[in-house]
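Asks: with the input below, show me the fold.
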Amino acid sequence: MAFPLVLLSHPLPPEWIARLQGHARLVVGPAQPGGFAPHLLEHIGQAEGIFCLLTDPVTEELVACAPRLRVVSNMAVGFDNVDVAACTRYGIPVGNTPGVLTEAVADLTMLLLLATARGLPKAAMDARDGLWTTWSPTGWLGMDTAGATLGIVGLGKIGRAVAQRAQAFGMQVIYSEKENSLSPQIFSGARRVSFDELLATADFVSLHCPLTASTRGLMNEFTLKKMKKSAVLLNTARGPIVETAALLRALREGWIFAAGLDVTDPEPLPPAHPLYDLPTCIILPHIGSATFGARRRMAELACENLLAGLAGRPLLNCVNPQVYNR
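Replies: Okay, the predicted model is just below:
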C-alpha cells in the first residue's frame, strides 16, 4: 500500500518527525525557509498533506491546485500564513501548535522586558568599548520593575504565562482583550481595563494578540502617542501588529522610552534598517520558541495533526473545526 504523499516545506531533524515514518511519503523542500520551492509545487496535485512553517504562504491558489489535499499542518501557533477561509471552503482542516511553546515565549518576553528596562545592550557595548572607567552613581540607569505596571494586550495562554512571571517580579498586571478569559483563581491580582486605559497607565505594554484584520497596525502613531513617555513596548506576537515607521518615530522623538521586538514588519528586518541603530530598541530574530524542547514539541504536535488529518480523524488542534460540520 502506498503511503500518502506529504509536502514538508523545509527539512527538520529526523527525531522531530520520527512519528511520520511508515505513515507518509515525504517530499522535502530546501533548508532556507520562505515559501514552497518549485520542486514541491510539482507534486501539489498529488499531495494529500502539507506540513509547513509560518513563513510558507498557503494560499487559495495553492489549495485549488491540490485536489487530493486532506490536511494542512502548520508548525506554529499563529496561522496568518494560511488562507483558512479557502481551506474551509475546500473542506481541509488546518492544524496549529499552541500550548507547547507557551513557556518558552513567556520566558523570552520577560527577558526582553528586563533587558529593555535596564538598557542591557548599550551597557554591555559601553563596557566592551572601554567606556566603563569607574562605578558611576548616575551611569546606565534603567527602570524599576518591582511595583511597575505591565499591560498585556491579549490574555491567551502566552499572555497568562507572562502575567504569572511578572507577578513574581512584583509587577502589577492589567490586561485588555475582547473576551474576558481571565481566571480569578490564577490571576487574582490582574485587572481588566480598556485598551486606551492600558496604554495610558502601563509602564510596559506587551503584545500577545493574534494577527487579524483588527490587530494589524494596532500600534500606530495614534496609539503609540497614548503610551507614557517612560513606557516600554514589547512585541513577541506578530510583526505587523506594530507599524514599523511609527515605532521608529516614537523612539526617535521620545514618545516612549524603549522597545523590545522578537518579531518585525517586514521580517526579517533588513540589516540597514534604522531601528537597529537606536540604543533603546532591542531586535531579536523571532526566537520566542527557540528552545530545543519547544521546537521539538511543536514539530511533534504538527506531526500528530498531520496524521490525524490523513486518517480522517479530528485534528488535536484545529483552527477551523467547522470543516467537520460539512
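Asks: phi, psi of residue 249?
Replies: Note on residue 249: its backbone torsions stand at phi -70, psi -40 [degrees, to the nearest 10].
Asks: give the contact list for it.
Replies: 221, 255 (CB atoms under 8 Å, 6 or more residues apart in numbering). The way it works is simple: take the backbone N, C-alpha and C, and place the C-beta from them, glycine included.
Asks: residue contacts, the one residue sitting closest to the centre of the chain?
Replies: With distances taken as CA atoms, centre = their mean, residue 237 lies nearest the centre of the chain, 3.6 Å away. Counting by CB under 8 Å, 6+ apart, residue 237 touches 78, 154, 207, 208, 209, 210, 211, 263.
Asks: and it, what helix or strand is that in?
Replies: Element membership for residue 237, per DSSP states H and E: none, as it lies in no helix or strand.
Asks: pretty sure residue 96 contacts residue 71?
Replies: No. Judged on CB atoms under 8 Å, residue 96 makes no contact with residue 71 at a distance of 12.0 Å.
Asks: so the residue nearest to the centre of the chain versus residue 157, what's the distance?
Replies: 12 Å (CB to CB, to the nearest Å).
Asks: need the buried ones from the contacts of residue 237 selected in PyMOL.
Replies: A single PyMOL command is used to select the members of the contacts of residue 237 judged buried by 16 or more other CB atoms under 10 Å:
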select buried, resi 78+154+207+208+209+211+263
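Asks: now do the strands in the stretch 151-300 of the chain.
Replies: 172-176, 191-192, 204-207, 232-235, 258-261, 281-283 (DSSP state E, counting those that start in this stretch).
Asks: tabulate the ones you listed (CSV), appending mean pLDDT and distance to residue 89.
Replies: Putting the strands of the stretch 151-300 of the chain into CSV (pLDDT from 0 to 100; distance: least, CB to CB, whole Å) gives the following:
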stretch, mean pLDDT, distance to residue 89
strand 172-176, 97, 33
strand 191-192, 94, 36
strand 204-207, 98, 31
strand 232-235, 98, 32
strand 258-261, 98, 35
strand 281-283, 98, 38
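Asks: can you redo those as a markdown table with distance to residue 67?
Replies: As requested, the strands of the stretch 151-300 of the chain are exported to a markdown table (distance: least, CB to CB, whole Å):
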| stretch | distance to residue 67 |
| --- | --- |
| strand 172-176 | 44 |
| strand 191-192 | 47 |
| strand 204-207 | 39 |
| strand 232-235 | 39 |
| strand 258-261 | 41 |
| strand 281-283 | 42 |
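Asks: just to revisit the earlier point, need the contacts of residue 237 in JSON lines with distance to residue 274, can you?
Replies: Conversion of the contacts of residue 237 to JSON lines gives the following (distance: CB to CB, whole Å):
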{"residue": "78", "distance to residue 274": "27"}
{"residue": "154", "distance to residue 274": "28"}
{"residue": "207", "distance to residue 274": "21"}
{"residue": "208", "distance to residue 274": "27"}
{"residue": "209", "distance to residue 274": "26"}
{"residue": "210", "distance to residue 274": "28"}
{"residue": "211", "distance to residue 274": "24"}
{"residue": "263", "distance to residue 274": "18"}
